[in-house]
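Peer 1: the following comprises the amino acid sequence and a computationally predicted model.
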Amino acid sequence: MVTSSAANRVVVPWRFVAEPGHGFAIGSRSPEAKRGAGLSWRRKVARATTALALLGLSASPAAVQVLRNPPSTPYHFLRYDDVPSDEDSHYWPNDFWSPLKFIPLDDGLPPGSYINFGGEDRERVEHFSTPLFGLTPRTTTTYDLHRLLFEGDLHVSDRFRTFIQFSNHQVTSASLSPGTDVDQIDLQQGFADLKTPVSQDSSLTFRGGRQEMEFGVGRLIDVREGPNIRLSWDGGRAFYQSPDLRVDAFVTKPVIPVPGFYPGFGYFGAHFDRGTSFWGLYGVTPIRAVPGLNDDFYYLGIDRENVTFNTSTANETRHTLGTRLWGEAGAWDYDTEAAFQFGEFGSRDIRAWTLASNTGYTLQNVWGKPRLGLQADTASGGGNHGPLMSFDPLFPKFAYFTEAAITAPINFIDAYPSVTIQPRYNFAVMAGVNVLWRYSTLDAFYSTFTGPIDPLVPGSANNKRLLGAQSNLHAEWQVTPHLNINAVYVHFWTAGFLAAAHGKNTDYIGVWTAYFF
């Protein structure tokens, strides 16, 4: 039996969940939990700060929660997913903020109209020793990232909706990525929805304005949670939703934050990137013939100026076709994704690809219910001649491998064994070692500090393939439905290519807390 809720979610017997902005995810094991062990599961605990390899019950190489079965909270990762039905959970906090949540609007408005207010305060301290392997002038540095968000969400029946979110982002000292960390006050999101029914159990929604987007597990499109300023987009979007299918179509431009306060109407200081256009189609559906199996399928197109791969810079028009198979089978969870890219980079053709996987086995009858996980990925790379073979990850999580966000998912092969234990229902610890190689010895080593494409060491530096290994220790504590605390330690041992380029070992410590209402 298939049911739908006011949140535009669709649930089937094995708890297949459709979420606005994300597609579908495997649901939680408890009736109260609105989201599950896949993508949706992460939002529930406000993944707000954990962009590490998913080592929880869902299978995701770029996921951000270590908690596999977190306590339910009404505060979603994408705050525009907050809905009145979340209050049905017995975890809903009856506290100081309740008068601001889901206020009915009965006077002169259609039934079902309401307004919801919410916000977030995140404080994050990061410390790097020999950042970027000592290959840049940056020395050991420590800084605090401050993020404050406040939103209002107006619904007029089930047909019209407008969502506005204001932001304040500060740092105590120079961070490693100031372009994504500092913006005194701005419009983080501001959009309007017009929804129309298509049939009894399906609908079509049109959205226009500034909005956050995340698809799949964030390998190619993510909100960039780790840095202070989350990535948002200006443009239009339409999504169709039924019990068996969710399809999103969008035409957008990424938003560029501008430090400072710019009073006035509209979009304050932040503006869209005039040199980049991004469009696509993303669909998600369950495979009914195989219980627990789901399929994502997508086409993504991008046109942007002055992109650098290895030592070549040119304009690119790139098209991505991909699919993702994910789900659960007993104690196993799995997530496998493949994508192929083609197009033009200056006068060169583009021929690039990626394969990514994350598989885990959970020992349900052992203390802490340890999950034994293995992430294995590769992305193509190549030299400066012939077709461009370097894979473009588009707009991935900055913390694709660990919260240190040292490496970008371009021209690499990795193997990432890990173990996650959950000694308490609201506390979990993950430990893993990520070993990395270059896919092509002709291509560069790429970092994520200044952007998704940042060649730090050119491929011509030497012909070694091994890059090194990074150990990752991450603890997360969901203290209350409002409060989430994380601590991470990463050590990167340079070897092979990076060591021969005089790269030094790097240490990263990150501690942060986020309060949601």
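Peer 2: Great, that's in hand.

Peer 1: going forward, measure contacts and count neighbours with C-alpha atoms only.
Peer 2: Will do.

Peer 1: next, the contact list for residue 106, please.
Peer 2: Applying Cα atoms under 8 Å, 6 or more residues apart in numbering, we find residue 106 in contact with residue 113.

Peer 1: which secondary structure state does it sit in?
Peer 2: coil (DSSP: H, G, I helix; E, B strand; the rest coil).

Peer 1: quick one: pLDDT of it?
Peer 2: Per-residue confidence (pLDDT) for residue 106: 82.

Peer 1: when you give positions from now on, start the count at 54
Peer 2: With the count now opening at 54, the last piece we talked about shows up as residue 159.

Peer 1: give me the pLDDT value at residue 107.
Peer 2: If you check residue 107, the pLDDT there is 30.

Peer 1: quickly find the element holding residue 412.
Peer 2: Using DSSP states H and E, residue 412 sits within strand 401-415.

Peer 1: which helices and strands does that strand pack with?
Peer 2: strand 385-398, strand 424-432 (3 or more Cα pairs under 8 Å, 6 or more residues apart in numbering; DSSP states H and E).

Peer 1: the inter-axis angle of the next helix or strand after the last one versus strand 401-415?
Peer 2: Yep, that's strand 424-432 we're talking about. Sequence order places strand 465-477 as the next helix or strand after strand 424-432, per DSSP H and E. Interaxial angle, strand 465-477 versus strand 401-415 (axes from the mean of the first three to the mean of the last three Cα atoms, to 10 degrees): 30 degrees.

Peer 1: residue 497 against residue 433, yeah?
Peer 2: No: under the criterion of Cα atoms under 8 Å, residue 497 is not in contact with residue 433, lying 11.4 Å apart.

Peer 1: now the common contact residues for the two.
Peer 2: residue 464.

Peer 1: give me the more crowded residue out of the two.
Peer 2: residue 497 (29 against 24; other Cα atoms under 10 Å).

Peer 1: for the spatially most central residue of the chain, what are its contacts?
Peer 2: Among the residues of the chain, the one closest to the centroid is residue 275, at 3.7 Å (Cα atoms, centre = their mean). Contacts for residue 275 (Cα under 8 Å, 6+ apart) come out as 266-268, 284, 448-450.

Peer 1: at 6 Å what do you get?
Peer 2: Residue 275 makes contact with 267, 449-450, according to Cα atoms under 6 Å, 6 or more residues apart in numbering.

Peer 1: okay, now residue 247: neighbour count?
Peer 2: 15.

Peer 1: doesn't residue 342 belong to a strand?
Peer 2: No: under three-state DSSP, residue 342 sits outside any strand and is assigned coil.

Peer 1: could you list the low-pLDDT ranges of the stretch 254-403 of the chain?
Peer 2: 313-323 (pLDDT under 70).

Peer 1: correct me, but residue 389 touches residue 376?
Peer 2: No: counting by Cα atoms under 6 Å, residue 389 sits too far from residue 376 to count as a contact (8.5 Å).

Peer 1: the residue nearest to residue 536 when sequence neighbours are not counted: how many residues sit nearby?
Peer 2: Take residue 536 and drop its neighbours on the chain: the residue closest to it by Cα to Cα, 6 or more residues apart in numbering is residue 568, 4.7 Å away. For residue 568, the neighbour count with other Cα under 10 Å is 19.

Peer 1: tell me the spacing between residue 568 and residue 537.
Peer 2: Distance from residue 568 to residue 537, counting by Cα to Cα, to the nearest Å: 7 Å.

Peer 1: and if you look at residue 380?
Peer 2: 27 Å.

Peer 1: quick one: the strands in the stretch 104-253 of the chain, in order.
Peer 2: 156-157, 167-182, 194-209, 213-224, 236-252 (DSSP state E, counting those that start in this stretch).

Peer 1: what's the angle between the second one and strand 194-209?
Peer 2: By that I understand strand 167-182. Using the same axes, to 10 degrees: strand 167-182 against strand 194-209 is 170 degrees.

Peer 1: hang on, the earlier thing: any buried residues in the strand holding residue 412, and which?
Peer 2: Buried residues in strand 401-415, defined by neighbour count with 16 or more other Cα atoms under 10 Å: 402-415.

Peer 1: need those residues in CSV (columns: distance to residue 221).
Peer 2: Listed next are those as CSV, based on distance: Cα to Cα, whole Å:
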residue, distance to residue 221
402, 42
403, 39
404, 41
405, 38
406, 38
407, 36
408, 37
409, 35
410, 36
411, 35
412, 38
413, 38
414, 41
415, 40
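
Peer 1: end-to-end on stretch 468-488?
Peer 2: One end of stretch 468-488 to the other measures 5 Å (Cα to Cα).

Peer 1: may I see the buried residues of that stretch?
Peer 2: For stretch 468-488, the neighbour count (16+ other Cα under 10 Å) marks 468-475, 479-488 as buried.

Peer 1: show residues contacting it.
Peer 2: Stretch 468-488 is contacted by residues 120, 123, 421-429, 467, 522-531 when judged by Cα under 6 Å, 6+ apart.

Peer 1: re earlier: which one's more surrounded, residue 389 and residue 376?
Peer 2: Using other Cα under 10 Å, the more surrounded residue of residue 389 and residue 376 is residue 389, with 21 against 18.

Peer 1: and for the closest residue to residue 206 other than its chain neighbours, the neighbour number?
Peer 2: Once flanking residues are discounted, residue 206 sits nearest to residue 216: 4.5 Å by Cα to Cα, 6+ apart. By the measure other Cα under 10 Å, the count of residues near residue 216 is 22.

Peer 1: beta partners for residue 216?
Peer 2: Under DSSP bridges, the beta-bridge partners of residue 216 are residue 206, residue 244.

Peer 1: try the one 4 residues further on
Peer 2: With DSSP bridges as the criterion, residue 220 is bridged to residue 202, residue 239.

Peer 1: wait, isn't it in contact with residue 202?
Peer 2: Yes: judged on Cα under 6 Å, residue 220 makes contact with residue 202 at a distance of 4.6 Å.

Peer 1: nearest spatial neighbour of the residue nearest to the centre of the chain, chain-adjacent residues omitted?
Peer 2: Using Cα to Cα, 6+ apart, the closest residue to residue 275 is residue 267 (4.5 Å).

Peer 1: tell me how far that neighbour lies from residue 566.
Peer 2: Per Cα to Cα, residue 267 is found 22 Å from residue 566.

Peer 1: out of these two, which sits in the more crowded spot?
Peer 2: Each of residue 267 and residue 566 has its neighbours counted (other Cα under 10 Å); residue 267 has more, 23 against 19.

Peer 1: more neighbours: which of residue 380 and residue 537?
Peer 2: Neighbour count, other Cα under 10 Å: between residue 380 and residue 537, residue 380 has more, with 25 against 22.

Peer 1: excluding its own residues, what touches the helix or strand harbouring that one? List them.
Peer 2: Using DSSP H and E, the secondary-structure element containing residue 380 is strand 365-382. If you take Cα under 6 Å, 6+ apart as the criterion, strand 365-382 is touched by 345-360, 386-399.

Peer 1: now, of these, which are buried?
Peer 2: Taking 16+ other Cα under 10 Å as the criterion, what is buried in the contacts of strand 365-382 is 345-358, 386-399.

Peer 1: could you list the low-pLDDT ranges of the stretch 104-253 of the chain?
Peer 2: 104-125, 143-144, 146, 229-232.

Peer 1: the strand or helix carrying residue 257 to strand 213-224, inter-axis angle?
Peer 2: Under the criterion of DSSP H and E, residue 257 resides in strand 255-264. Strand 255-264 runs at 30 degrees relative to strand 213-224, counting by the same axes, to 10 degrees.
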